[in-house]
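Trainee: give the three-dimensional model of this entry:
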Amino acid sequence: MAPATLKDVAKRCGVSVATASRALNNRNEVSPATRAKVLKAADEIGYVPSSLAKGLWSGETKVIGVLITTIENPFYANVVSGIEKVVKDHGYNILLCSSYEEVQQEFAALTVLLEQRVDGLILAPVQSKPEVLERLQKNNVPFVLVGRNIPSIESSYVVSDDFKVGAMAAEHLLQQGHNRVLFINSSRNYSAELRLKGFLQTMRQHGVELGPEWVKTVPVHQDAKYSLFEALDQGLKPSAVFCFCDCMALEILGGLKERSFKVPEDVAVMGVDNLNVTALTDPPLTTIDIQNYEMGIRSAEILLKKLQEPETQHMQIILPPKLVKRNST
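Mentor: Have a look, this model is predicted:
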């Protein structure tokens, strides 16, 4: 059976579709008696108003679009939790889409969100080029970047100090006596570029020059283990592996175990994100906390301010990372 429609409500209580719509939307042109009759009919047949239809006349759908890489990544699950906490307190819901780190998927998901007439958008862009953001600007959709930034276009964003993340990892591993560090990095985003710069510059400042063979870039975290195997098969003998994120670091822990390496006795491992699971691995993972839940909260707060005050200037927040020392290093 098809869902009840506005036409069904109007027919049940003997009014026009326009009158039923005005009554359900609490418009002044409808008498209290008619409004009560329409509401009773809607309740009896289980009619649920379309937020999209309401948005066509009200100018807002009370829906925030959220575009991330994938909810399977616990980092973005935490970000989304922070976003949802803030927007629900202000009467908004979220519509969540994933890009899976693919540019075409990102554009397809963006099209879906725009077709749904979302009031605003929070996104973690896949690419370092401005096309996706330019499309939002052309459609006059307020947006905030979270977790990643595109430096070539002016926008609001909430990110971690990614250069410092890379520098902090290098400093910690150097202090632990490691100068043969394999860096398993992400690809196609500005955060990865900054972390690599911070990492290599700090290593260089301490007299350690790592050639390009010591940096492997992977599109998804499941490829991290195979990049490790590739490095080992090429004859590299890392004393430590630093990973762009904890999900990659978990893959590396499994890969080292497959190759009979002990952590940290043979090879140290370090990640970024401070996911809850990292305290439970064997050994517990040294990582860098970049405040993912707080990213979600702050990005939602900025977007709501933009919706309430459209002339608001861009707000750019860089959160400080924190080293979390555990037994894997």
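
Trainee: contact partners of stretch 286-295?
Mentor: Here stretch 286-295 makes contact (Cβ atoms under 8 Å, 6 or more residues apart in numbering) with 75-76, 78-79, 81-82, 146-147, 158-160, 165, 168-169, 172, 246, 249, 268-275, 278, 319, 321-329. Heads up, the C-betas are built off the backbone N, CA and C, glycines and all.

Trainee: 7 Å instead?
Mentor: By Cβ atoms under 7 Å, 6 or more residues apart in numbering, the list of residues contacting stretch 286-295 from outside reads 75, 78-79, 81-82, 146-147, 158, 160, 165, 168-169, 246, 270-274, 278, 319, 321-326, 328-329.

Trainee: before we move on, what about stretch 236-246?
Mentor: By Cβ under 7 Å, 6+ apart, the list of residues contacting stretch 236-246 from outside reads 75, 169, 173, 178, 180-186, 192, 195, 199, 213, 221, 224, 228, 231, 249, 252, 267-273, 275, 278, 285, 287, 329.

Trainee: filter those residues down to the ones in helices?
Mentor: 75, 169, 173, 192, 195, 199, 224, 228, 231, 249, 252 (DSSP state H).

Trainee: show me which pair in the residues you listed is furthest apart.
Mentor: Using Cβ to Cβ, the pair of the ones in helices among the contacts of stretch 236-246 lying farthest apart is Phe75 and Ala231, separated by 24.3 Å.

Trainee: more crowded one of these two?
Mentor: More crowded of Phe75 and Ala231, by other Cβ atoms under 10 Å: Phe75, with 23 against 19.

Trainee: surely the more buried one touches Asp273?
Mentor: Yes. Under the criterion of Cβ atoms under 7 Å, Phe75 is in contact with Asp273, at a separation of 4.8 Å.

Trainee: just to be sure, Leu95 is in a helix?
Mentor: No. Leu95 is assigned strand when assessed by DSSP: H, G, I helix; E, B strand; the rest coil, not a helix.

Trainee: now it: how far from Glu171?
Mentor: The gap separating Leu95 from Glu171 is 41 Å, by Cβ to Cβ, to the nearest Å.

Trainee: Asn28 too?
Mentor: Taken as Cβ to Cβ, the spacing of Asn28 relative to Glu171 amounts to 65 Å.

Trainee: over to Ile302?
Mentor: 31 Å.

Trainee: between those two, which one's more packed in?
Mentor: Applying other Cβ under 10 Å to Ile302 and Glu171 shows that Ile302 carries more neighbours, namely 26 against 18.

Trainee: report the distance from the strand or helix carrying the more buried one to the chain centre.
Mentor: Taking DSSP states H and E as the definition, Ile302 sits inside helix 292-308. Distance of helix 292-308 from the chain centroid (Cα atoms, centre = their mean, to the nearest Å) equals 12 Å.

Trainee: next, the buried residues of that helix.
Mentor: Of the residues in helix 292-308, those buried by neighbour count under the rule 16 or more other Cβ atoms under 10 Å are 292-304, 306-307.

Trainee: all helices for this structure, in order.
Mentor: Ranges of helices in the chain, per DSSP H, are 6-13, 17-24, 32-45, 51-58, 74-88, 103-115, 131-138, 162-175, 190-205, 224-233, 246-258, 292-308.

Trainee: the ones you listed: which one's closest to Pro151?
Mentor: Go through the helices of the chain one by one with Cβ to Cβ and the one that ends up closest to Pro151 is helix 190-205, at 6.1 Å.

Trainee: pLDDT weak spots in this protein?
Mentor: For the chain, residues meeting the criterion pLDDT under 70 lie at 1-2, 49-59, 128-129, 188.

Trainee: next one: the residue lying farthest from the centre of it from Arg22, what distance?
Mentor: Going by Cα atoms, centre = their mean, the residue of the chain most distant from its centre is Gly14, 48.2 Å out. Plainly put, Gly14 is 15 Å away from Arg22 if you go by Cβ to Cβ.

Trainee: likewise for Gly211?
Mentor: The gap separating Gly211 from Arg22 is 71 Å, by Cβ to Cβ.
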